[in-house]
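S.K.: take this sequence and fold it.
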Amino acid sequence: MTTIRWTEDGFGRAADWHSENGAPPPATVQIIGDETTADEACRSARAGVGLLWRGDFHNGRQLVQAMSRRLRGDRGGNREAAGGRRSGGRRGGRGRSRDRRGRDQFVGSGDSDGPALDPALSFFAERDAIEQRARLLGRVVVELGPNFDLALRRAPDVAAACRAAYGPAAGPVCVSLTELGGVLSAYEWQLRGVEIPALGDSVHPRYGVFSPVRGEYLDLVAQTPLPWGRQAGSVSPGTDSAQPTGTAFDLGTGTGVLAAILLRRGAATVVATDINPRAVACASENLDRLCPGADVSVIETDLFPPGRADLIVCNPPWLPAQPTSALEIGIYDPDSAVLHRFIERLTDHLTPAGEGWLIISDLAERLGLRPSGELRERIEAAGLRVLERIDTVPRHPRAADAAEALHAARSAEVTSLWRLGLR
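M.R.: Now for the predicted structure:
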């Protein structure tokens, strides 16, 4: 772990530095508090200065929100975070920038009279803006004490949430205020759980584990007939008289929700895998609670476990782009590497009559990030055949949000379960 150093009240100070997205500790640190305006904080953050917050906890969160409005070019965000002072924030402008493909694009105010962007350019412009904003907001940091105590006015008790996310405390540590907010939010979900209608129960996500907020793909797995002949129906325990049969792999299990659905539907044995140790621990907890006594194992490995299965389910990251944090690994996959490896290696792990279920959205095609028809071509080139493609439409809020930057693509998005078999 690296160290962050600063001078405070004439004395040199130091603490461990922790950043989930791998950001380095700032070389220069400035002490700030309730008197600091959002404009001042933005200027310092743009200069690469770390801003160690010593004011009221809630004022600190409001400061970060005010900074975010300025960085977004929000013309209505003219109030300061602390004390309600007015700031005279900068208004958004329009100009040219270079996208990640090296092409010119218009960015800025988003006025309707501006030149239209193609979907891929819009996507990368949005990703670049999010990444830059997150980097600047991440320069507002707080110091946690030796036991994860937060010595700020009106600060909540963050120790339990930090232990759940980071493990045992090992001394003073500095983290960004935005990261701490994510830790607190994740801990609330871990305690409360996420209701899963397809299970008739809830799963409890951990910090750093992708939460199953999009229910449509869960319904696809819960309703599609299983390859060993069991018909779709209720996944509640005790409603199916037949003995469990069939072996299933759940690749990239996350919370373990798909593994739980398969077990509730009658899979005799399930092996769930994930490369993220937090996900392995999270899935193990959920499966122990949801499916006590079931023949299920959770393995930390990269995609496939050893052996073959009658059913192999994979819900890979849907968009070929660079993730900016550990949590985004469940959404963004550079060059679609996980998707391609699943398709290329599936034949090595299926039983002769087995099926691979690929659950994926067509958003990448609609954004111009993946050529239309490429997915089917890769499936055929791998020695597989498409047995069936079952489609559904997303129900998440962004699909219906007309103000969303990529609304045209998201509103037309289709989520599919591809049933794949050996040729």
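S.K.: buried residues, the longest helix seen in the chain. List them.
M.R.: Criterion DSSP state H: the longest helix present in the chain is helix 119-137. Buried positions in helix 119-137, judged by neighbour count with 16 or more other C-beta atoms under 10 Å: 119-125, 127-129, 133-137. From N, CA and C alone the C-beta is placed, and that goes for glycine too.
S.K.: what is it packed up against?
M.R.: Helix 119-137 sits against helix 38-46, helix 57-72, strand 104-107, with contacts defined as 3 or more C-beta pairs under 8 Å, 6 or more residues apart in numbering; DSSP states H and E.
S.K.: what's downstream of it, the next helix or strand?
M.R.: strand 140-144 (DSSP states H and E).
S.K.: quick one: low-confidence parts of the stretch 51-200 of the chain?
M.R.: 74-117 (pLDDT under 70).
S.K.: next: the stretch 201-350 of the chain.
M.R.: Looking at the stretch 201-350 of the chain by pLDDT under 70, you get 230-242.
S.K.: make it 90
M.R.: 210-215, 228-245, 318, 322-331 (pLDDT under 90).
S.K.: show me the helices in it, by range?
M.R.: 215-223, 257-265, 277-290, 337-345 (DSSP state H, counting those that start in this stretch).
S.K.: go through these and name the closest to Ala309.
M.R.: Closest approach to Ala309 among the helices of the stretch 201-350 of the chain (C-beta to C-beta): helix 257-265, 10.5 Å.
S.K.: alpha carbons only: can I get stretch 28-39 in CSV?
M.R.: Only the C-alpha atoms of stretch 28-39 are listed here, as CSV (Å, rounded to 0.1, in the frame of the first residue of the first chain):
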residue,chain,number,x,y,z
THR,A,28,0.5,17.8,-3.0
VAL,A,29,-2.1,17.9,-0.3
GLN,A,30,-4.1,21.0,0.8
ILE,A,31,-6.2,21.1,4.0
ILE,A,32,-9.8,22.3,3.3
GLY,A,33,-12.9,22.8,5.3
ASP,A,34,-16.4,24.3,5.4
GLU,A,35,-15.1,27.7,4.1
THR,A,36,-13.9,26.2,0.8
THR,A,37,-16.0,26.9,-2.2
ALA,A,38,-16.7,24.4,-5.0
ASP,A,39,-15.0,26.7,-7.6
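S.K.: and the gap between Val270 and Asp128?
M.R.: Using C-beta to C-beta, to the nearest Å, Val270 is found at 40 Å from Asp128.
S.K.: repeat that for Arg345.
M.R.: Using C-beta to C-beta, which is the criterion applied here, Arg345 is 33 Å from Asp128.
S.K.: quick one: contacts for Glu20?
M.R.: Going by C-beta atoms under 8 Å, 6 or more residues apart in numbering, Glu20 touches Glu179, Gly182, Gly208, Ser325, Ala326, Leu327.
S.K.: quick one: contacts of the strand ranked longest in the chain?
M.R.: Using DSSP state E, we find that the single longest strand of the chain is strand 350-361. For strand 350-361, contacts defined as C-beta under 8 Å, 6+ apart pick out 217, 220-221, 224, 227, 247, 308-316, 318, 339, 342-343, 346, 375, 384, 387, 394, 413-422.
S.K.: now, of those, which are buried?
M.R.: By 16+ other C-beta under 10 Å, the contacts of strand 350-361 give 217, 220-221, 224, 227, 247, 309-316, 318, 339, 342-343, 346, 375, 384, 394, 413-422 as buried.
S.K.: before we move on, the earlier item: in the longest strand of the chain, what's buried?
M.R.: Leu350, Thr351, Gly354, Glu355, Gly356, Trp357, Leu358, Ile359, Ile360, Ser361.
S.K.: any idea how far Leu263 is from the last one?
M.R.: Between Ser361 and Leu263 the distance is 25 Å, computed by C-beta to C-beta.
S.K.: can I get stretch 366-374 in CSV? Just the C-alpha atoms.
M.R.: Presented in CSV, the C-alpha positions along stretch 366-374 are these (Å, rounded to 0.1, in the frame of the first residue of the first chain):
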residue,chain,number,x,y,z
ARG,A,366,-26.6,-0.3,-31.4
LEU,A,367,-23.8,2.0,-30.3
GLY,A,368,-21.6,0.9,-33.2
LEU,A,369,-19.1,-0.8,-30.8
ARG,A,370,-19.6,-4.3,-32.3
PRO,A,371,-20.4,-5.0,-36.0
SER,A,372,-23.8,-6.4,-36.6
GLY,A,373,-23.6,-10.1,-37.2
GLU,A,374,-20.2,-10.5,-35.6
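S.K.: just how off-centre is that stretch within its chain?
M.R.: 22 Å (C-alpha atoms, centre = their mean, to the nearest Å).
S.K.: mind listing what's buried in it?
M.R.: Arg366, Leu367, Leu369, Arg370.
S.K.: and for stretch 22-35?
M.R.: Applying 16+ other C-beta under 10 Å to stretch 22-35 flags Ala23, Pro25, Pro26, Val29, Gln30, Ile32, Gly33, Asp34 as buried.
S.K.: closest to Arg72 out of those residues?
M.R.: Using C-beta to C-beta, the buried residues of stretch 22-35 come closest to Arg72 at Ala23, 20.1 Å.
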